[in-house]
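Undergrad: Please find the sequence and the predicted model below.
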Amino acid sequence: DYVSVPLEDCGAPRTSTTTSAASFNIGDNTVSAHICDNAGNCTTESWTVTRVLQGPPVIAMKNLNSDNQDRGLCLTVGAGQAAGLSCGDLFVTHSLPAYRTMGRDRALTLFYSSAAATPRPTVAAVVTQPSGTQTPDSVLARLTVSGVVRASAWYSAWGTLSGGRQIALSFDAAAVGLGTGVYPFTLLVRNQYTTGPQDASYSGELIVVSRAGSEFGSGWSVAGVEQLFTGLSSNRILWVGGDGSAAVYDSVAPHTWIRPVGAFRDTVTYVAGTHTRFLRHGVKVVFNGGRHVQTINRAGHVTQFAWGAPAGYSGIIRLLSVTVPTVSSSAQVYTFAYEGSSAFIDYIQDPSGRRIEPNVSTSTNYGYTIGYIDDPDLVRTSFEYDALGRMTRRIGRRGYGTRYDYANNLHVTQVRVPLNPSAGD
C-alpha cells in the first residue's frame, strides 16, 4: 500500500488498521510508528505521550497548634488606648486604680478578648497535587469536628505546575455549642474527577477557649485568673490562662503532668485534692476543682482567690474575692458582687472601697456583654459590639472612640484611632 509519489497522484488512498497495546510509564513516553513498503522504503513518525494518574492531593498542615497556644509568643501591637492586637485578635483592658501593698502597686484588671468572645478555630493547610497526577475538575475541603461537619468549601482545580495552595477553614464554635475544651478534628481534601473522588485527610485536635457566656460579659475575664480542665483522653489536662492562652499537659508520671514543647515547660502535680502548677523561680499556682485559689510568688507571698455562691444565689459558683499579700494583720481584699438571674458582675471593689461598676446589658448572639464601665470617679468608658460579640468600638473617658474592623469574621484588619476630635473618629 506504500507508494513513493505525492498524495495527489495516488488516486484513492487505501488504508489498513492495526490495533496494538503498549505499557506507558508515569510521565512522558515516546511512541514511534514505522510504515515501510516491500522495497524497504519507510516513513517514521514519533509522538510524546504523557501518562498521568487520578490521585489524591498532599496535605501539609500550616501553623497547627493543637496542644500549645501561648499568646505570650504572639506578635503584639498597640491598637489605641488600653487595647492591642495579639495574633490578630483584639484585646482590651480596664483596671481599677492601683493599690499598693508589700512595696508594689497592684491593680485588678478586666480583660477582653475578641478570640474568646467569638471563638473561631481555624485549620489551615498547604495542598499540592503530586507530580504525575491528573488535574482534577475541582477540589473539596471539609472540616469535621467531633464527628460533625463544621465547615466546607469548593475550590477551582490547580495542577502540579501551580505549586501548593493554602486553604483555611474555620467555624463559629460558640454558635454550635462548643465550650472550652479539646476536640478531635479531621480535615478532608478531595480531588474530584468525572470518574470519582480521590481523598486525602489529616486528623488532629483543636483547642477551643470560649468565654462567650462569661459572668463578666461575653469575652471578658479577670486578668491573671487561670483554669484547669481535667478528664481529657490519656489522662491529660487543659490549662487556660487569663489572656486566653491554653496548653494541653501530658501525663508523665502518677499525678504529674508536663506542658508541651514551646516556652518554659512547667509541670502540674496533684496532691491531697489540689493541683499545683510549678513555674520558674519558685512561683506556684494552686487549683481546687479546676479553679485558681492561690498564687505564691518566689518570696512566699500568697494571693488568695475565694470562690462560692454569691449572696442570694444557689448552685452558681463565682469568684467572690481576691486577697492580696500585706505586712499588716488586716486583710486587703478585692470583693466581687453579682446581680441578675444569671449572676453577672455588678461591681468590683478594692481594699480602700473604690469601685468599678461594669454594666452587663449589651445583647449579642450568645448572651450579654459589658456595655459600659463606671470608674470610681463616676467617669464612664463605653463599648460597642457587633452581633457576634466582637468589640467594634471603645469610647474612652474623654468621649473619643477607637474603632476596630474585622475581615472574614476572623481577625482585626483595621484600627481607627481618633487624632482630630473635632473631625470625629
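TA: Yep, that arrived.

Undergrad: middle-most residue in this structure, spatially?
TA: Residue closest to the average C-alpha location in the chain (CA atoms, centre = their mean): residue 121, at 4.0 Å.

Undergrad: which residues sit in contact with that residue?
TA: By CB atoms under 8 Å, 6 or more residues apart in numbering, the contact set of residue 121 is 145, 170, 171, 173, 206, 207, 208. Where C-beta positions appear, they are placed from N, C-alpha and C, glycine not excepted.

Undergrad: would you list every one of the strands in the stretch 101-250 of the chain?
TA: 104-106, 109-113, 122-128, 138-145, 148-156, 165-170, 181-193, 196-208, 220-222, 227-229, 237-240, 246-253 (DSSP state E, counting those that start in this stretch).

Undergrad: correction: the stretch 251-400 of the chain
TA: Counting by DSSP E, counting those that start in this stretch, the strands of the stretch 251-400 of the chain are 256-258, 267-271, 274-278, 284-288, 291-296, 302-308, 318-324, 332-339, 344-349, 355-364, 367-374, 380-385, 391-395.

Undergrad: Mind checking those strands for the one nearest to residue 90?
TA: Ranking the strands of the stretch 251-400 of the chain by proximity to residue 90 (CB to CB) places strand 391-395 first, at 6.0 Å.

Undergrad: tilt between the closest one and strand 367-374?
TA: Relative orientation of strand 391-395 versus strand 367-374 (axes from the mean of the first three to the mean of the last three CA atoms, to 10 degrees): 10 degrees.

Undergrad: shift numbering so it begins at 538
TA: Sounds good: first residue 538 from here, last item strand 928-932.

Undergrad: Show me what strand 928-932 is packed against.
TA: On a contact count with 3 or more CB pairs under 8 Å, 6 or more residues apart in numbering; DSSP states H and E, strand 928-932 meets strand 626-632, strand 917-922, strand 938-944.

Undergrad: one more time with 10 Å, if that's ok
TA: Secondary-structure packing of strand 928-932 (3 or more CB pairs under 10 Å, 6 or more residues apart in numbering; DSSP states H and E): strand 626-632, strand 646-650, helix 651-654, strand 904-911, strand 917-922, strand 938-944, strand 948-953.

Undergrad: and the angle from the fifth one to strand 626-632?
TA: What separates the directions of strand 917-922 and strand 626-632 is an angle of 160 degrees, with the same axes, to 10 degrees.

Undergrad: go on, the second one?
TA: Relative orientation of strand 646-650 with respect to strand 626-632: 160 degrees, computed using the same axes, to 10 degrees.

Undergrad: What strands flank strand 646-650, and is each parallel or antiparallel?
TA: If you go by DSSP bridges, strand 646-650 pairs up with strand 626-632 (antiparallel), strand 757-759 (antiparallel).

Undergrad: Comparing these, which comes out most buried?
TA: Among these, strand 757-759 has the highest mean neighbour count (mean count of other CB atoms under 10 Å), at a mean of 24.

Undergrad: what's downstream of the helix or strand of the chain with the lowest mean pLDDT, the next helix or strand?
TA: One helix or strand of the chain scores below all others by mean pLDDT, DSSP states H and E: strand 564-573, with a mean of 78. Using DSSP states H and E, the next helix or strand after strand 564-573 towards the C-terminus is strand 579-588.

Undergrad: now the protein, which segments are flagged as low pLDDT?
TA: Along the chain, segments meeting pLDDT under 70 span 538-554, 563-564, 588, 698-699, 958-962.

Undergrad: Excluding chain neighbours, give the residue nearest to residue 798 in space.
TA: residue 605 (7.3 Å; CB to CB, 6 or more residues apart in numbering).

Undergrad: residues near that neighbour, how many?
TA: A count of nearby residues for residue 605, using other CB atoms under 10 Å, gives 19.

Undergrad: who does it bridge with?
TA: Judged by DSSP bridges, the bridge partners of residue 605 are residue 784.

Undergrad: from what I can see it touches residue 775, true?
TA: No - using CB atoms under 10 Å, residue 605 makes no contact with residue 775, being 11.1 Å away.

Undergrad: shared neighbours of those two, anything?
TA: Taking CB atoms under 10 Å, 6 or more residues apart in numbering as the criterion, residue 605 and residue 775 both touch 744, 783, 784, 785, 786.

Undergrad: Adding distance to residue 841 and neighbour count, write the residues you listed out as CSV.
TA: Listed next are the shared contacts of residue 605 and residue 775 as CSV, based on distance: CB to CB, whole Å; neighbours: other CB atoms under 10 Å:
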residue, distance to residue 841, neighbour count
744, 29, 21
783, 24, 23
784, 24, 21
785, 28, 21
786, 24, 26
